[in-house]
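Colleague: Predicted model follows, preceded by the sequence.
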Amino acid sequence: MQPVIKLLFGVHAHQPVGNFPEVIHDAHTRCYRPFIQTLYEYPQFQFAVHISGWLLEFLLQYHPNDMVLLREMVTRGQVEVFGGGDTEPVLAAIPHRDRVGQLLALSNRLEGQFAQRPTGAWLTERVWEATVVPALADAGLRYVTVDDYHFLCTGRTSPELNGYYTTEEDGRRLGLFPISEQLRYRIPFAPAEEVVRYIESLADGNGNGNAAAIYFDDIEKLGIWPETYDWVYTRGWLKQFIEGVLNSSVIRTGHYATYHRDTQTLGIVYLPTTSYIEMNEWSLPAFAANLYADLVSERKLNDQYEQNKAFIRGGTWKNFLSRYPESNWMHKRMLRLSDRLARLPADLATTRMRDLLYQAQANDAYWHGLFGGLYLPHLRRALYNAMIELEADLDRSAPRPQHSREDLDCDGHEELFLHNSTIQTVISLDGTASIRELDSYGLKHNFVDTLRRQAEHYRRKVQAGEAGIAASSGIASAHDRVNFKSVIIASDLNLDERGKTLFVDKLYPSQVGHETTDPVYGLVKEGNLNLIFRAETYGGTLSKEFQLNKNGLAVNYSFDKTMRGFLEIEMNIAMPSCDGPAGRYWYNGECPGGFGQLHSFTGLTELTLEDDVLGGALMLRSGRPVAVVARPFFTVSQSEAGFEKIMQAVTMLIHYPFPRQSDSLQLALEITARS
């Protein structure tokens with residue numbers, strides 16, 4: 001009988017909440033539009049599309065004509081729409097109630113726009129935990145796609161992964177389609193005819209038509225990844241692939257929904273907690289990730305990797321929360337807001353509150369690897385914008401105490417929360433008495449939203465200066481490239497011992513400043529909107545009082561007149577413009593330059609940081625003249641385009657000598673919004 005293979009082809013389109021509009025327009029120009037317009041010309045080619053809700057709304061608003069084409073393709077039976085979390089959350093990282101809510105939100109959106117309610121779902125970053133099954137089933141979804149690697153980890157073999165399996169959890173069932181790694185690595189990087197031949201080689205020789213070649217991956221590979229626009233559209237890879245499939249006597253395209261309905265399951269399976277192979281490496285701490293990479297390289301060198309890879313496990317996605325304290329803090333802030341919203345009486349909860357919570361659950365800024373946006377300030381800022389606005393709404397509907405303490409991030413140290421109707425500050429009780437969050441409700445901004453420099457597994461590539469090598473035929477995947485977008489020197493790779501917070505103090509016993517002491521503060525007084533800390537250190541006692549007011553925060557330092565040397569106060573301030581042209585300093589009525597430059601001030605009593613993106617300014621006031629050095633703080637990170645330096649914050653070092661005649665220093669941060 002004639003061999004037959006069913007091609008289940010799917011593409012996933014997503015842009016992070018808070019991404020720059022120009023980036024999304026460029027993605028549309030180089031990928032979304034040409035892909036839709038090309039496929040529109042081949043109505044016989046059936047495929048599936050997943051578009052995250054936030055991106056879908058953007059495309060409907062700014063590029064409606066292409067969405068009209070997509071709607072027509074759905075109507076004529078060419079396209080199956082896939083559901084998922086509306087803002088593309090990692091379902092395993094949010095509460096069950098929000099999983100169901102996110103899934104229903106996108107299903108409702110898709111049904112409203114395309115008159116088709118999805119029965120299949122895309123799992124963000126293919127992160128699988130069995131705990132997500134009940135939510136998917138409760139939201140009316142019957143199957144999902146995950147990597148074939150997930151199945152190999154159960155002992156299944158590649159020849160067995162030519163259909164779908166069934167799993168269950170807590171009495172709910174779900175179909176699982178294994179995405180072919182071989183197809184993911186070939187599409188679109190190998191020549192189109194080679195990909196078609198490979199699919200044909202998977203055909204079921206008995207002719208019953210049940211065998212399936214399963215592909216579902218990021219659409220951005222088809223135009224946005226390096227070199228892919230020219231390869232896929234200008235040089236015609238996509239048309240060659242489509243026509244090769246349609247002209248094949250062996251391949252038949254189809255929909256996941258039809259296949260799931262008409263074909264028997266291959267049996268029951270229970271998948272381990274995992275994601276795709278690369279993610280499992282990225283989620284490990286640097287030292288472990290390097291060991292993992294070395295082990296993989298060794299197995300590949302010995303031609304043992306393919307038979308052993310299922311048993312060479314990396315980490316899990318939630319490792320990112322333990323690897324990056326800043327990610328963990330955002331995640332726990334989000335969970336607390338979710339809990340507050342869930343406990344709010346139904347008549348007080350609004351759709352806007354739910355939307356803000358879902359925006360704060362978008363996955364992109366919680367993790368980092370070749371992809372993932374934790375290192376991108378504008379993506380973290382989008383999460384904080386949503387959380388701060390939601391918190392203000394919740395406070396108006398169900399007020400909380402002005403003063404509270406808890407170990408929110410489970411690091412073993414409590415944090416103190418002080419807030420009024422306009423400002424919130426969070427102070428660490430870890431001995432530093434530093435500020436880890438300073439929020440303006442009016443500006444919806446966290447001025448301590450920054451990131452420390454820490455070890456990354458790819459830093460040895462930076463240090464070695466490796467260069468990527470293109471494939472012998474076709475083009476190289478972003479996974480195989482090592483490019484440098486920025487000039488990176490050794491000092492850029494220095495690591496930070498602790499987080500980049502506000503009011504981090506150091507004491508220098510002499511004016512020379514070679515020796516240093518970090519004061520260890522103990523809390524001695526708690527008030528609703530003020531706190532007093534005290535440190536017993538060389539030469540006397542140092543006290544630090546925080547006072548929250550309507551426009552900002554005042555910090556008063558008191559010390560014994562017998563103390564010598566000087567006090568250095570480090571301030572790490574997140575300004576949205578970073579080193580762009582929209583951020584600048586004002587000093588003595590003049591603008592000395594932008595945040596991306598090095599500045600030194602003496603006898604300073606007032607300095608303003610003005611930011612057009614923020615829509616406001618932050619002013620530093622000092623009760624006594626101080627010396628200030630202000631410089632940009634950069635981190636080095638990796639993306640699909642290469643290694644780059646990204647400005648995270650302005651670091652200001654305030655130097656104040658201990659004079660005999662004075663025993664105090666008053667500093668204040670005042671926040672103003674543009675009228």
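Modeller: That came through, no problem.
Colleague: Now the element after the longest strand along the chain, going C-ward?
Modeller: Identified as the longest strand of the chain according to DSSP state E is strand 616-639. Next along the chain after strand 616-639, taking DSSP states H and E as the criterion, comes strand 642-657.
Colleague: Please export the C-alpha coordinates of that following strand as CSV.
Modeller: This file holds the C-alpha atoms of strand 642-657, laid out as CSV (Å, rounded to 0.1, in the frame of the first residue of the first chain):
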residue,chain,number,x,y,z
GLY,A,642,24.6,38.0,20.2
PHE,A,643,26.2,39.1,23.4
GLU,A,644,25.5,42.7,24.5
LYS,A,645,25.8,45.1,27.4
ILE,A,646,22.5,46.5,28.7
MET,A,647,22.2,49.4,31.1
GLN,A,648,20.2,48.4,34.2
ALA,A,649,20.4,51.4,36.5
VAL,A,650,22.2,54.6,37.5
THR,A,651,24.6,53.8,40.3
MET,A,652,25.3,56.8,42.5
LEU,A,653,28.0,56.8,45.2
ILE,A,654,27.5,59.4,47.8
HIS,A,655,30.6,60.3,49.9
TYR,A,656,30.2,62.1,53.2
PRO,A,657,33.2,62.7,55.6
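Colleague: one step back: now the longest strand of the chain: buried residues?
Modeller: 616-622, 626-628, 630, 632-639 (16 or more other Cβ atoms under 10 Å). To be clear about C-beta, it is placed using only N, CA and C from the backbone, and glycine gets the same treatment.
Colleague: before we move on, what about stretch 573-591?
Modeller: For stretch 573-591, by 16+ other Cβ under 10 Å, it's 573-579, 583-585, 587.
Colleague: who does Asp439 bridge with?
Modeller: In this entry, Asp439 is beta-bridged to Gln424, Asn446, by DSSP bridges.
Colleague: Quick check: next helix or strand after the helix or strand encompassing Val245?
Modeller: Take DSSP H and E as the rule and Val245 turns out to sit in helix 237-246. Using DSSP H and E, the next helix or strand after helix 237-246 towards the C-terminus is strand 251-253.
Colleague: Show me what that next one packs onto, helices and strands only.
Modeller: Here strand 251-253 touches strand 5-13, helix 192-201, helix 237-246, going by 3 or more Cβ pairs under 8 Å, 6 or more residues apart in numbering; DSSP states H and E.
Colleague: List the strands paired with the first one, with their directions.
Modeller: In its sheet, strand 5-13 lies beside strand 47-51 (parallel), strand 212-218 (parallel), strand 251-253 (parallel), with partners assigned from DSSP bridges.
Colleague: what angle sits between it and helix 237-246?
Modeller: 150 degrees (axes from the mean of the first three to the mean of the last three Cα atoms, to 10 degrees).
Colleague: For strand 5-13, output the C-alpha coordinates as CSV.
Modeller: Presented in CSV, the C-alpha positions along strand 5-13 are these (Å, rounded to 0.1, in the frame of the first residue of the first chain):
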residue,chain,number,x,y,z
ILE,A,5,2.4,10.5,6.6
LYS,A,6,0.1,13.1,8.2
LEU,A,7,1.9,16.4,8.7
LEU,A,8,0.6,18.3,11.7
PHE,A,9,2.3,21.7,11.2
GLY,A,10,1.9,24.5,13.7
VAL,A,11,3.4,27.9,14.4
HIS,A,12,3.5,29.9,17.7
ALA,A,13,3.6,33.7,17.6
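Colleague: Give me the buried positions along the helix or strand just after it.
Modeller: Moving toward the C-terminus from strand 5-13, the next helix or strand (DSSP H and E) is helix 21-27. Residues of helix 21-27 classed as buried by neighbour count (16+ other Cβ under 10 Å): 24, 27.
Colleague: starting at the chain centroid, how far to helix 21-27?
Modeller: Computed by Cα atoms, centre = their mean, to the nearest Å, the chain-centroid distance of helix 21-27 equals 18 Å.
Colleague: and the helix or strand that it is followed by, how far from the chain's centre?
Modeller: Later in the chain than helix 21-27, the nearest helix or strand by DSSP H and E is helix 33-40. Relative to the centre of its chain, helix 33-40 is centred 28 Å away, using Cα atoms, centre = their mean.
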